[in-house]
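Chemist: structure of the sequence below:
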Amino acid sequence: MRIASDGPMRYAQAILVTLVAIYLRYLLLPVLGEANPYHTVWLAVVFSAWYCGLGPSMASVLISTLAVWYWFLPPTHSFAIGDRTQLFGMLGFLAFSACIIALGESHRRASASRFQLAAIVDTSEDAILSKNLDGIITSWNRGAQRLFGWSAEEAIGRPVTMIVPAEFHEEEAGILQRLREGACIVGYETVRVTKSGQKLHVSLTLAPLEDSSGRVVGVSTVGRDITGRKQTEARLQSAHDNLEQRVLERTTELHRKNEELVKQERVVRELSARLLQMQDEERRRLARELHDSVGQLLAAISMNIARALLEKDKLSEAARTCLEENSDLVDQVSKEIRTMSHLLHPPLLDEAGLESAIRWYIEGFAERSKISVHLDMPADFDRLSSDQEIAVFRVVQECLTNIHRHSESPRATICITRGDGQVHLEVRDEGKGIPPDQQAALNSYGAMGVGFRGMRERLRQLGGTLKIRSSEEGTVVSATLPVQSAKKTTATHSSEF
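Modeler: A predicted model of the protein is given here:
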């Protein structure tokens, strides 16, 4: 290393200077005699302390002390102490030499630190310069030369405004004023100009320079080129602006599409509501036609058959058998027509209300399907509007149909309550349940279950909701419907079929 290689040289220099000083004192012996034997060796000690370091200077003091003691203090050529004056003189020389060595070491270390700091500043990639309070450049490192193009010889002594664009001169004056007041400025981004006239974006850190009394005498400036970063930021900002514009355009387009979808959904729902209304009207019309037209025709046929049966004795055995079979068939068809008419639109729904219609329906359902159905409905349940009663009846009808077709449940429970301005309907079975994927589709308005979609849409038209919960223990269909008070129905009670 450099310190190790320079060590012997420093010792050699110190010893050589000491020997020269001793020889010089020997040459001056005829002039000075025995007085002041340390005159010339003081110079060797000072030189060694300032330029050679601690070890070489101590070696210089030791050699000087021994040489003066042996050659110049009487008795000469001996290490004997002649008197106390010689001893005190030698101790004084050693003491003052120690002070000189301490001062020299402090000076040498300070110089080394300054040289090291200067080397760091000079080799820094950042531009480092200093200026006085008048804006005159007083120092200029290699980084400043690389950044701005001017060499130190060209820059030092010139005003700092040579690297400041004309439009930023007032800004520079304001910065100098703030620094005169002792302020530090860190990360200040601005524009500077090079020797070739190119403008650069730079980040500046400025700090006041103070003298020993604390008075601001200058400004230290560290500048870093951020032109590349600024260009990258500009590109990113441009890309961001383009992205924002595209997002805005896409959002506008999506908003327009959403409005179209909402409008289409509104139209579809209006059509769906109209379809449900037409379906109910058609069911009512078909029920009336079956009851009034087909029913009357079957009644007339039945009357004719009954009249013919009064004279069956006049007929052959085969004719009487056919006539009796026709009578039974007409009765059976009449019964089926009446049932079909009531299923299309139960007359009790208009005449007696929801409870009677549901009770009539579950009686027939229990008889046909052999599934036990329990109806729980309060005795003071009020009449609802026609649309609301039809909606609740259709939900019950669809739920029981699904139980019969899919659940394999031996029993079902229907609970209808009213409170807080709402009608609550719950249909529960003990069947095998609905698979989780199908259940999720049903609850999320999925593509499955035409009957469920019809129930949900019918309730939605009246402001109601439909929810389905299912497990291995069975399925629960819950419906709510907002209602207003109407005249009360006749008292009803829970019953089981």
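
Chemist: list the contacts of residue 299.
Modeler: Contacts for residue 299 (C-beta atoms under 8 Å, 6 or more residues apart in numbering) come out as residue 334. Placement of C-beta: from N, CA and C, glycine included.

Chemist: tell me the helices and strands packed up against the longest strand belonging to the chain.
Modeler: If you go by DSSP state E, the chain has its longest strand at strand 199-210. Applying 3 or more C-beta pairs under 8 Å, 6 or more residues apart in numbering; DSSP states H and E, one finds that strand 199-210 contacts helix 169-180, strand 185-193, strand 216-225, helix 227-289.

Chemist: low-scoring stretches of the stretch 51-200 of the chain, by residue?
Modeler: 112-123 (pLDDT under 70).

Chemist: can you give me the helices for it?
Modeler: 54-67, 84-123, 142-148, 152-155, 169-180 (DSSP state H, counting those that start in this stretch).

Chemist: can I get those in CSV with distance to residue 258?
Modeler: Listed next are these as CSV, based on distance: least, C-beta to C-beta, whole Å:
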stretch, distance to residue 258
helix 54-67, 85
helix 84-123, 63
helix 142-148, 55
helix 152-155, 64
helix 169-180, 50
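
Chemist: now the ones you listed as CSV including distance to residue 308 and mean neighbour count?
Modeler: Shown next, in CSV, are the helices of the stretch 51-200 of the chain (distance: least, C-beta to C-beta, whole Å; neighbours: other C-beta atoms under 10 Å):
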stretch, distance to residue 308, mean neighbour count
helix 54-67, 149, 20
helix 84-123, 130, 13
helix 142-148, 124, 20
helix 152-155, 134, 15
helix 169-180, 121, 14
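
Chemist: residue 135 contacts residue 162, doesn't it?
Modeler: No. Using C-beta atoms under 8 Å as the test, residue 135 is too far from residue 162 to be in contact (9.9 Å).

Chemist: now residue 428: phi and psi?
Modeler: Phi and psi for residue 428, reported as degrees, to the nearest 10, are phi -120, psi 140.

Chemist: what residues does it make contact with?
Modeler: Counting by C-beta under 8 Å, 6+ apart, residue 428 has contacts 412, 413, 415, 474, 475, 476, 477.

Chemist: same check, this time on residue 216
Modeler: 133, 179, 180, 182, 208, 209, 210.

Chemist: separate out the buried members of those residues.
Modeler: Neighbour counting by 16 or more other C-beta atoms under 10 Å classes 179, 208, 209 among the contacts of residue 216 as buried.

Chemist: for residue 183, see how far away the second one is.
Modeler: Think residue 208. 8 Å (C-beta to C-beta, to the nearest Å).

Chemist: specify the local secondary structure of residue 425.
Modeler: Following DSSP: H, G, I helix; E, B strand; the rest coil, residue 425 is assigned to strand.

Chemist: so how far is residue 378 from the residue lying closest to it once chain neighbours are set aside?
Modeler: Leaving aside its sequence neighbours, residue 425 sits nearest to residue 479 (C-beta to C-beta, 6 or more residues apart in numbering; 4.3 Å). Here residue 479 is placed at a distance of 17 Å from residue 378 (C-beta to C-beta).

Chemist: out of those two, which sits in the more crowded spot?
Modeler: Set residue 479 next to residue 378 and count neighbours by other C-beta atoms under 10 Å: residue 479 wins out with 24 against 15.

Chemist: contacting residues for the more buried one?
Modeler: Contacts of residue 479 (C-beta under 8 Å, 6+ apart): 392, 395, 424, 425, 426, 455, 459, 464, 465, 466, 467.

Chemist: which of the helices and strands packed on strand 199-210 sits closest to residue 34?
Modeler: strand 216-225 (52.7 Å; C-beta to C-beta).

Chemist: between the closest one and strand 199-210, how many degrees?
Modeler: 150 degrees (axes from the mean of the first three to the mean of the last three C-alpha atoms, to 10 degrees).

Chemist: chain center to strand 216-225, what's the gap?
Modeler: Centre-to-centre, strand 216-225 and its host chain are 40 Å apart (C-alpha atoms, centre = their mean, to the nearest Å).

Chemist: just the CA coordinates of it, formatted as CSV?
Modeler: Output of strand 216-225 as CSV, limited to C-alpha atoms (Å, rounded to 0.1, in the frame of the first residue of the first chain):
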residue,chain,number,x,y,z
VAL,A,216,-21.6,33.8,5.3
VAL,A,217,-19.0,34.5,2.8
GLY,A,218,-20.0,32.2,-0.1
VAL,A,219,-22.2,29.4,-1.5
SER,A,220,-21.4,25.8,-2.1
THR,A,221,-23.4,24.2,-4.9
VAL,A,222,-23.8,20.5,-5.9
GLY,A,223,-25.5,19.9,-9.2
ARG,A,224,-26.7,16.7,-10.7
ASP,A,225,-28.0,16.2,-14.2
